[in-house]
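Chemist: Sequence and predicted structure are below.
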Amino acid sequence: MTDLLLVFPNNRSRAYGALAATVAAISAPVQLGLTAAFARKAGLSVAVLDADAENLDPAGTAARVASARPLLVLLSTDSLNSGDVTKMAAASDTLRAIKAAAPGLPVAVEGVVPSAFPEQMLREEGADFVVQGEAYQQVVDLVGALKTGKPRPEEPVLGVWWLEGDKVATSQRPPLVKDPDQIPFVAWDLLPMDKYRAHHWHCFDDLGRRQPYASIYTNLGCPYTCTFCNVNVVYGKANFRPRTPENVVEEIDLLVKRYRVRNLRIVDNVFTIKPDLCEKLCDLIIRRGYDLNIWVYARVETVKTLGLLQKMKKAGINWVAYGIEAASEKVRDAVDKGSSEQVIDKAIELTRQAGIHIVGNFIFGLPEDDRDSMRRSFDMAKQYNFEYANFYAAMAYPGTELHDYARKEGIELPKTWAGYGQYSEDALPMSTRYLKPAEVLRFRDEAFVEYNTNPRYLEMMRAKFGQQAVDYIREILKIKLRRKLLEAG
Ligand code: SF4
């Protein structure tokens, strides 16, 4: 019998709506892959079912789980360094389907929402166990306890919650793993590597080469505290833990040599926090001569020198995504993202000089946003004419300060997990002090179309990536997102 079956549930069509079939990326579940590797190294027999990559619905996933009949199922609800909560909708449906197909089979859940609301996961979602925090040793200890019966409240498994009758049995989270070099590489051999597909914009230079694709991390956590962001919920606090560049490059080597990976996403929240480590990693990659197409997230304050950016470009980092969020300083300050306009401008200028493409990320509908400030954010994106712009509607994600604020202010929150999905038909953004959720969502959807049909943008894209990129953008625009909120009038 397999000790541990890790399941990444599928919510592609709910999270991405009409974009799911061909446009949305399919990314490896890095957190799940790390947990699998850790458990295997600790001596457990481990299997993985990436239902998202295999596009299995909850019933199909449950059938596979029932026939595998492991000692414990672990449902992973998001990926590493991620604030994504939309996977919860799929986790919830999959959990119910497993309970119907394999009654009595213990199911644990882990991730952002389970870490934020463990009791709710037990009482409302019907999970047998919740793993709060980083799911490494906890999972090994939980399987150990299940091998001899079940965990007992007098011998708690650190970070694991369950119900004893009507009472919640729990214990404090274990400390964070201090040195990520001690975590084994992702169990790539257990993942369906042929299924992963890069974001379309990441491959604008060659849209026929979106596969193979992998994700890797060089650091864990984020030292910043933006109030709308929940990337640190799993860790319990703001933190920053880097791997050594030597350790990272060994894993890249494996991905390149064994899986022929060219497209690589670095899933750090801020890749550039420690410039010396970035530089060292880039040197190691350059020395090995890989042909990589990498994208990273960075924060504008951490990008200070042209030299670093030039080295990043040489190592194959062709795209940097900056979270600019809003043009108005007042709007940014209110969510603790106080980057100044000069700093933003400087980072963009240096990145362009280095020849790196930019993804500009913006959020519409933050608490201080009104129509005028949202328009200023959009005009800023247009002015910079980024190679790609992500426009999000502000969501009060569980575990964030913004979520607490929304509750305190009586702001309507989504009633289903799918309501937090940016591209979901159920999407329900926050209202701002001046705008209703529908006004924010409509503005976001219209901004996306206006940006991508702007002649100046299309001209720049044609010059940089050729007609194929422009044609692809036009194809995407034909896909209409369904929004129940807007249909309701
Ligand atoms: S910089 Fe802010 S938005 Fe970005 S990951 Fe860190 S806390 Fe989240």
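Modeler: Sure, I can see it. Everything numeric here is computed off the predicted structure, so don't read it as measured data. Residues are numbered from 1 along each chain as shown.
Chemist: does the ligand sit close to stretch 402-413?
Modeler: No - under the criterion of CB under 6 Å from any ligand atom, stretch 402-413 makes no contact with the ligand; the nearest approach is 11.2 Å. From N, CA and C alone the C-beta is placed, and that goes for glycine too.
Chemist: Identify the residues contacting that stretch?
Modeler: Here stretch 402-413 makes contact (CB atoms under 8 Å, 6 or more residues apart in numbering) with 227-228, 230, 335, 367, 394, 396-397, 419, 428, 430-431, 437.
Chemist: And these, which of them are buried?
Modeler: 227-228, 230, 335, 367, 394, 396-397, 419, 428, 430-431, 437 (16 or more other CB atoms under 10 Å).
Chemist: just these now: which is nearest residue 455?
Modeler: residue 394 (29.2 Å; CB to CB).
Chemist: re earlier: where strands are concerned, which of the buried ones among the contacts of stretch 402-413 count?
Modeler: Per DSSP state E, strands hold no members of the buried ones among the contacts of stretch 402-413.
Chemist: can you redo the residues you listed as TSV with pLDDT?
Modeler: Below are those laid out as TSV (pLDDT from 0 to 100):
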residue	pLDDT
227	91
228	90
230	89
335	88
367	95
394	96
396	93
397	92
419	92
428	95
430	96
431	96
437	97
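Chemist: end-to-end on stretch 262-271?
Modeler: End-to-end span of stretch 262-271 (CA to CA, to the nearest Å): 19 Å.
Chemist: Ramachandran coordinates for the residue in the stretch 301-450 of the chain that the ligand sits nearest to?
Modeler: The stretch 301-450 of the chain approaches the ligand most closely through residue 323 (5.2 Å), counting by CB to the nearest ligand atom. When read as degrees, to the nearest 10, the backbone of residue 323 gives phi -80, psi 90.
Chemist: any idea whether the nearest residue in space to it that is not next to it in sequence is helix, strand or coil?
Modeler: Sequence neighbours aside, residue 361 is the residue nearest to residue 323 in space, at 4.7 Å (criterion: CB to CB, 6 or more residues apart in numbering). Following DSSP: H, G, I helix; E, B strand; the rest coil, residue 361 is assigned to strand.
Chemist: For residue 361, give its distance to residue 474.
Modeler: Remark: distance between residue 361 and residue 474 (CB to CB, to the nearest Å) = 23 Å.
Chemist: again with residue 220
Modeler: Distance from residue 220 to residue 474, by CB to CB: 39 Å.
Chemist: more crowded one of these two?
Modeler: Set side by side, residue 220 and residue 474 show more neighbours around residue 220, with 25 against 12, by other CB atoms under 10 Å.
Chemist: For the more buried one, give me its contacts.
Modeler: For residue 220, the contact set (CB under 8 Å, 6+ apart) comprises 80, 81, 177, 180, 235, 239, 240, 241, 242.
Chemist: Quick check: the nearest residue to residue 425 once chain neighbours are set aside vs residue 290, distance?
Modeler: Leaving aside its sequence neighbours, residue 425 sits nearest to residue 482 (CB to CB, 6+ apart; 4.2 Å). According to CB to CB, residue 482 stands 41 Å off from residue 290.
Chemist: which of these two has more neighbours?
Modeler: residue 290 (20 against 13).
Chemist: Does the more buried one touch residue 255 like I think?
Modeler: No - applying CB atoms under 8 Å as the test, residue 290 and residue 255 come out as separate, 9.4 Å apart.
Chemist: ok, back up a step: of the buried ones among the contacts of stretch 402-413, which belong to helices?
Modeler: In this view, the buried ones among the contacts of stretch 402-413 that belong to helices under DSSP state H are residue 437.
Chemist: what about the residue in the stretch 251-400 of the chain positioned nearest to the ligand, is that helix, strand or coil?
Modeler: Relative to the ligand, the nearest point of the stretch 251-400 of the chain is residue 269 (3.5 Å; CB to the nearest ligand atom). Using three-state DSSP, the secondary structure recorded for residue 269 is coil.
Chemist: what's the neighbour count on it?
Modeler: Neighbours of residue 269 under the rule other CB under 10 Å: 24.
Chemist: Just name the shakiest helix or strand of the chain by mean pLDDT.
Modeler: Using mean pLDDT, DSSP states H and E, the weakest-scoring helix or strand in the chain turns out to be helix 12-16, at a mean of 61.
Chemist: Name the spans of this protein whose pLDDT lies under the cut-off.
Modeler: 13-21, 489 (pLDDT under 70).
Chemist: Give me the distance between the residue nearest in space to the middle of the chain and the ligand.
Modeler: In the chain, the residue lying closest to the centroid (CA atoms, centre = their mean) is residue 82, at 3.7 Å. Distance, residue 82 to the ligand, by CB to the nearest ligand atom, to the nearest Å: 10 Å.
Chemist: Counting neighbours, what do you get for residue 478?
Modeler: Residues near residue 478, counting by other CB under 10 Å: 7.
Chemist: Spell out which parts of the stretch 201-350 of the chain neighbour the ligand.
Modeler: Contacts of the stretch 201-350 of the chain with the ligand, taken as CB under 6 Å from any ligand atom, map to 222, 224, 225, 226, 229, 231, 269, 270, 299, 323.
Chemist: ChimeraX command for the buried members of these?
Modeler: To isolate the buried ones among these in ChimeraX, judged by 16+ other CB under 10 Å, type:
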select :222,224,226,229,231,269,270,299,323
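Chemist: I'd like the buried ones among the contacts of stretch 402-413 written out as JSON lines, with distance to residue 87 added.
Modeler: Below are the buried ones among the contacts of stretch 402-413 laid out as JSON lines (distance: CB to CB, whole Å):
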{"residue": "227", "distance to residue 87": "22"}
{"residue": "228", "distance to residue 87": "18"}
{"residue": "230", "distance to residue 87": "13"}
{"residue": "335", "distance to residue 87": "24"}
{"residue": "367", "distance to residue 87": "26"}
{"residue": "394", "distance to residue 87": "19"}
{"residue": "396", "distance to residue 87": "17"}
{"residue": "397", "distance to residue 87": "12"}
{"residue": "419", "distance to residue 87": "14"}
{"residue": "428", "distance to residue 87": "17"}
{"residue": "430", "distance to residue 87": "20"}
{"residue": "431", "distance to residue 87": "25"}
{"residue": "437", "distance to residue 87": "22"}
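Chemist: Would you map out the domains in the chain?
Modeler: 4-169, 197-487 (automatic domain parsing).
Chemist: Which residue comes closest to residue 200 once chain neighbours are left out?
Modeler: Closest residue to residue 200 apart from its sequence neighbours, by CB to CB, 6+ apart: residue 23 at 5.8 Å.
Chemist: returning to what we had before: for the residues of the stretch 201-350 of the chain next to the ligand, work out which two are farthest apart.
Modeler: Farthest-apart pair in these is 225 and 323; separation 13.4 Å (CB to CB).
Chemist: just to revisit the earlier point, out of the buried ones among the contacts of stretch 402-413, which is nearest to residue 98?
Modeler: Using CB to CB, the buried ones among the contacts of stretch 402-413 come closest to residue 98 at residue 419, 23.2 Å.
Chemist: which residues does the closest one contact?
Modeler: Each residue near residue 419 by CB under 8 Å, 6+ apart is listed here: 413, 426, 427, 428.
Chemist: Repeat the analysis, applying 7 Å as the threshold.
Modeler: By CB atoms under 7 Å, 6 or more residues apart in numbering, the contact set of residue 419 is 426, 427, 428.
Chemist: cool, residue 213 as well?
Modeler: Contacts of residue 213 (CB under 7 Å, 6+ apart): 196, 197, 198, 261, 263.
Chemist: Next: residue 485.
Modeler: Counting by CB under 7 Å, 6+ apart, residue 485 has contacts 427, 428, 437, 438, 441.
Chemist: In TSV: those, plus distance to residue 165.
Modeler: Formatted as TSV, the contacts of residue 485 follow (distance: CB to CB, whole Å):
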residue	distance to residue 165
427	38
428	36
437	40
438	44
441	43
